[in-house]
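> Below are the sequence and a predicted model; questions follow.
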Amino acid sequence: MKLTILGCYAATPRTLTNPTSQVLEIRNRLFLIDCGEGTQVQLRKNKIKFSKINHIFISHLHGDHLYGLIGTISTFSLLGRTTDLHVYGPKGIKELILLQLKLTESWTTYSLFFHELESKESEVIFEDAKVIVKTIPLKHRVYTNGYLFQEKPAERKLNVEAVQHYDIHVAYYQKIKNGGNVTLDDGTVIENEKLTFDPEPAKSYAFCSDTVYNEAIIPIIANTDVLYHESTFLDSEARLAEKTLHSTAKEAATIALKANVKQLILGHYSTRYDGLESFKKEAEEVFPNVLLADDGLSFDL
């Protein structure tokens, strides 16, 4: 699992900072999370293949999380894309994008599917053989969801020496990797544990932005491996965070602590501050494992 930060600053793009967008790679799948202005440029800078992105998740309909979407969709067409693209986001995102495509007469060269969200409860919105994605209802000025990405348990690892020792035919290998036992010709049952090794533990990643401090999300993200939580402000601006329904670095760390996550990544910084170290210092007073997101950084989770 790998996370690439394309942008992690609040409000407007600047010369050296970009609004929210990130790419999560899980089991050879690329998921684009939010699509602020300049996202496609950041994709190019970070050498991420457009053609591998088939699912885009938009948290809410504020410009710093959305205004890069129409450009990205249009560029996909200019590059001759034919693969389906799925966009997940709040109700209204379909109308917004289709109106722009209509008025610019820029219909896509591929099928574009919208999955509009309205529920205020956590729900599964994507699932395949390897990954499941759930919403994390957040509390912001408009309807907002975070997203929880969870790997499904991988196949067990074949113990080649063991299967050769028992002279087990290759035709049974997939059954063994799926957890099955094997019965030999003499009727002896070989337990799966003797033929395999445990797989790597399934990993999980939670994206929570934008949101005010909200303990209601804790049961949903409990024990997650990595939590990205917005930290627009420092505690010195706590009143402003409450007023605008954003969070402080201290509040993000408190959520991480109470949810028992393994790693916290801070992001969505207000550009009023000089430097980011104050965010890390404030959060580490509450929760020890803190990383700072920044444009262009990648994390191997």
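Done, it's in.

> Residue 184 reaches residue 166, doesn't it?
Yes: here residue 184 reaches residue 166: they are 6.6 Å apart, a contact under Cβ atoms under 8 Å. C-beta here means a position set from N, CA and C on the backbone, and glycine is covered the same way.

> In the protein, what residue spans correspond to helices?
Using DSSP state H, the helices of the chain run over residues 39-45, 69-78, 93-103, 160-165, 173-177, 218-221, 238-244, 249-259, 277-284.

> These into TSV, with extra columns for mean pLDDT and distance to residue 86?
Below are the helices of the chain laid out as TSV (pLDDT from 0 to 100; distance: least, Cβ to Cβ, whole Å):
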stretch	mean pLDDT	distance to residue 86
helix 39-45	97	16
helix 69-78	97	12
helix 93-103	98	12
helix 160-165	93	39
helix 173-177	95	29
helix 218-221	98	22
helix 238-244	98	31
helix 249-259	98	28
helix 277-284	98	33
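
> do you know which of these lies nearest residue 1?
Closest approach to residue 1 among the helices of the chain (Cβ to Cβ): helix 218-221, 15.6 Å.

> before we move on, the earlier item: what about the helices of the chain, which gets the closest to residue 188?
Nearest to residue 188, of all these, is helix 160-165, at 12.6 Å by Cβ to Cβ.

> Just the buried positions in the closest one, please.
Across helix 160-165, burial judged by 16 or more other Cβ atoms under 10 Å covers 162, 163.

> List the contacts of that helix.
Residues outside helix 160-165 that contact it (Cβ atoms under 8 Å, 6 or more residues apart in numbering) are 172, 173, 176, 194, 195, 196.

> can we see that at 6 Å?
By Cβ atoms under 6 Å, 6 or more residues apart in numbering, the surrounding residues in contact with helix 160-165 are 194, 195.

> what does stretch 46-63 give?
With Cβ under 6 Å, 6+ apart, stretch 46-63 has contacts from 4, 23, 30-34, 65-66, 86-90, 142, 144-145, 147.

> ChimeraX command for the buried members of those residues?
To isolate the buried members of those in ChimeraX, using 16+ other Cβ under 10 Å:
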select :4,23,30,31,32,33,34,65,66,87,88,89,90,144,145,147
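
> So what does the residue lying farthest from the centre of the chain have for phi and psi?
Within the chain, the residue lying farthest from the chain centre (Cα atoms, centre = their mean) is residue 186, at 49.9 Å. Here is the backbone geometry of residue 186 (degrees, to the nearest 10): phi -90, psi 10.
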